[in-house]
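Student: The sequence isn't on hand, but the structure is:
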Ligand SMILES: C[S@@+](CC[C@H](N)C(=O)[O-])C[C@H]1O[C@@H](n2cnc3c(N)ncnc32)[C@H](O)[C@@H]1O
């Protein structure tokens, strides 16, 4: 039971009790679409728009989404301030999950858009707050200064310890100080908390990533001398994607940026510095990329990559956002402008472990990233890859689960992986104008998309289901 207050004409607050009977009446009205009752209760107290039932944990938004009442969903979000991301206590599902389960795609799309907007706004506010704290920390730093950032961080860490491990942030500011351990057959890399930095089960996913990065750079019968491509990989881990790239694609140039000392040592022990085309850059990408770009500028050479892959560990999504800016930003190179992701055919991809424990939240975060990338000039498709989800329970064959000994599971039984593929937007880089001129003069019906999807284990569902299928 919760209470709120309502002001009387002479402004003395009177507590209004929220009672669970009324919560149930509200839920029932949402099932039936009984607008009169909904309005009556909302006028009594707006809290009825988002109060969850004590027993089932259902909220009015979940019910309205389940029955597909889009008008009511809009009302509850816009007028009732119902949180789009509340989870029901019993099934751990949000309104979007209920709409998805009952295939109300208009409601799903509405909730995805609402969630995306909320995340973008919250993200912007949060970044502003962090910048402000950072600036204040710097001002207050130095001898005898008061550091206002630390106490907040300590409070955050205290709070974190009280919530279940699965719900804690996976960002670790001290990751580079952790001692890392490779298991003896090189199929697992863990940090000091027994969290997995990289695991062998991701190999098929890495194979798909390597394929979309470099498939356009394979010499063909008609073009046997075609360049084998230039690739940049951030984060070596178990070296799975780098091994696939070396063995299957043999690119002309293969840069690898790796920040952790133990991983770097392993790379040297395994002879990665001697492999054809490989250049190892030891350090954080945050430090390496500006250096690469300025060297490129000074030497008047264009260092560009046909394929860029990003898969780091323990970093915040804001880091990934910064990374996207780094690879798309133009550097002037003797009058020519170039960016690390080559134009017009460069392909960018990243390991998609965004909000992995809830498919709907995953969809919303994918949408957020897609929008952010689009402001930088990249179009992003999420290709559907069917995969075998890592085992969660001991099985009869090897009597062990993939997650044995691992503190935090970072995949939750989903057997579909949404593989991001970003390519330059033709309009953004001015190709559209050139192309439409060519089409006018040649009567060509080429739609100008040089980045057609491939025949890998993906099926790109561009159907009526809209966002649900293609995130
Ligand atoms: C998940 S693993 C990469 C796995 C790799 N894709 C593979 O196929 O094995 C993440 C790697 O990123 C590295 N890393 C983390 N933060 C980094 C940073 N800021 N710059 C460069 N590398 C980083 C980690 O040390 C780790 O080796």
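Tutor: Received it, and whenever you're ready, just let me know what you need. From a predicted model like this one, the values you see are computed outputs, not experimental measurements.
Student: Now do the helices in the protein.
Tutor: With helices called from DSSP state H, the chain shows them at 20-32, 35-44, 60-67, 70-78, 95-101, 105-140, 149-162, 203-214, 240-244, 261-269, 285-298, 317-328, 359-375, 431-442.
Student: so which of those helices is the most packed in?
Tutor: Per residue and on average, the most neighbours among those fall to helix 60-67, with a mean of 26 (mean count of other CB atoms under 10 Å). The way it works is simple: take the backbone N, C-alpha and C, and place the C-beta from them, glycine included.
Student: if we can go back for a sec, can you redo the helices of the chain as TSV with distance to residue 228?
Tutor: Listed next are those as TSV, based on distance: least, CB to CB, whole Å:
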stretch	distance to residue 228
helix 20-32	59
helix 35-44	63
helix 60-67	49
helix 70-78	51
helix 95-101	42
helix 105-140	38
helix 149-162	46
helix 203-214	8
helix 240-244	14
helix 261-269	21
helix 285-298	20
helix 317-328	21
helix 359-375	26
helix 431-442	24
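Student: how about JSON lines for those helices, with distance to residue 338 and mean pLDDT added?
Tutor: Formatted as JSON lines, these follow (distance: least, CB to CB, whole Å; pLDDT from 0 to 100):
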{"stretch": "helix 20-32", "distance to residue 338": "55", "mean pLDDT": "94"}
{"stretch": "helix 35-44", "distance to residue 338": "56", "mean pLDDT": "93"}
{"stretch": "helix 60-67", "distance to residue 338": "47", "mean pLDDT": "98"}
{"stretch": "helix 70-78", "distance to residue 338": "44", "mean pLDDT": "97"}
{"stretch": "helix 95-101", "distance to residue 338": "41", "mean pLDDT": "96"}
{"stretch": "helix 105-140", "distance to residue 338": "28", "mean pLDDT": "89"}
{"stretch": "helix 149-162", "distance to residue 338": "37", "mean pLDDT": "53"}
{"stretch": "helix 203-214", "distance to residue 338": "19", "mean pLDDT": "97"}
{"stretch": "helix 240-244", "distance to residue 338": "24", "mean pLDDT": "98"}
{"stretch": "helix 261-269", "distance to residue 338": "28", "mean pLDDT": "98"}
{"stretch": "helix 285-298", "distance to residue 338": "8", "mean pLDDT": "85"}
{"stretch": "helix 317-328", "distance to residue 338": "11", "mean pLDDT": "95"}
{"stretch": "helix 359-375", "distance to residue 338": "19", "mean pLDDT": "95"}
{"stretch": "helix 431-442", "distance to residue 338": "16", "mean pLDDT": "43"}
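Student: can you tell which of those helices is closest to residue 391?
Tutor: Closest approach to residue 391 among the helices of the chain is made by helix 203-214 (14.5 Å; CB to CB).
Student: near the ligand at all, that closest one?
Tutor: Yes - between helix 203-214 and the ligand, judged by CB under 6 Å from any ligand atom, the touching residues are residue 206.
Student: these two touch, right, residue 176 and residue 258?
Tutor: No - Residue 176 is not in contact with residue 258 according to CB atoms under 8 Å; the separation is 10.8 Å.
Student: Comparing the two, which residue is more hemmed in?
Tutor: Between residue 176 and residue 258, residue 258 has the larger neighbour count (other CB atoms under 10 Å), namely 26 against 13.
Student: Around residue 403, how many other residues sit close by?
Tutor: The tally of other residues near residue 403 (other CB under 10 Å) stands at 18.
Student: what's near enough to touch residue 281?
Tutor: 255-258, 288, 292 (CB atoms under 8 Å, 6 or more residues apart in numbering).
Student: which two of those residues lie the greatest distance from each other?
Tutor: The largest separation in those, counting by CB to CB, is between 258 and 292 at 14.1 Å.
Student: okay, how far is it across stretch 89-108, tip to tip?
Tutor: Across stretch 89-108, the terminal residues are separated by 21 Å (CA to CA, to the nearest Å).
Student: Any chance you could list what contacts that stretch?
Tutor: With CB under 8 Å, 6+ apart, stretch 89-108 has contacts from 52, 56-57, 59, 61-70, 73, 82, 84-88, 111-112, 115, 358-361, 363-364, 464-468.
Student: likewise stretch 122-129?
Tutor: Residues from elsewhere that reach stretch 122-129 (CB under 8 Å, 6+ apart): 318, 368.
Student: Outside of stretch 222-233 itself, list whatever touches it.
Tutor: The set of residues external to stretch 222-233 that reach it, using CB under 8 Å, 6+ apart, is 213-214, 216-220, 241-242, 245, 249-257, 304-309, 311, 340, 342.
Student: For stretch 191-202, give the mean pLDDT please.
Tutor: For stretch 191-202, mean pLDDT is 95.
Student: does any part of it sit near the ligand?
Tutor: Yes - with CB under 6 Å from any ligand atom as the criterion, the ligand is reached by stretch 191-202 at 197-198.
Student: Number of residues surrounding the residue lying closest to residue 283 once chain neighbours are set aside?
Tutor: In this structure, residue 283 finds its nearest non-sequential neighbour in residue 259, 6.0 Å apart by CB to CB, 6 or more residues apart in numbering. By other CB under 10 Å, 22 other residues sit near residue 259.
Student: Does residue 259 touch residue 180 like I think?
Tutor: No - counting by CB under 8 Å, residue 259 sits too far from residue 180 to count as a contact (11.4 Å).
Student: Contact partners for the residue nearest to residue 283?
Tutor: Taking CB under 8 Å, 6+ apart, we find residue 259 in contact with 176, 282-285, 312.
Student: go again using 6 Å as the cut-off
Tutor: 176, 283-284 (CB atoms under 6 Å, 6 or more residues apart in numbering).
Student: swap in residue 421?
Tutor: Going by CB under 6 Å, 6+ apart, residue 421 touches 212, 349, 381, 383.
Student: Tell me which of the residues you listed fall in strands.
Tutor: Those of the contacts of residue 421 mapping onto strands are 349, 381, 383, per DSSP state E.
Student: Nearest to the ligand among these?
Tutor: residue 349 (10.8 Å; CB to the nearest ligand atom).
Student: how many neighbours does that closest one have?
Tutor: Neighbourhood size, residue 349 [other CB under 10 Å]: 23.
Student: surely it meets residue 308?
Tutor: No - look at residue 349 against residue 308 with CB atoms under 6 Å: they stay out of range, at 7.6 Å.
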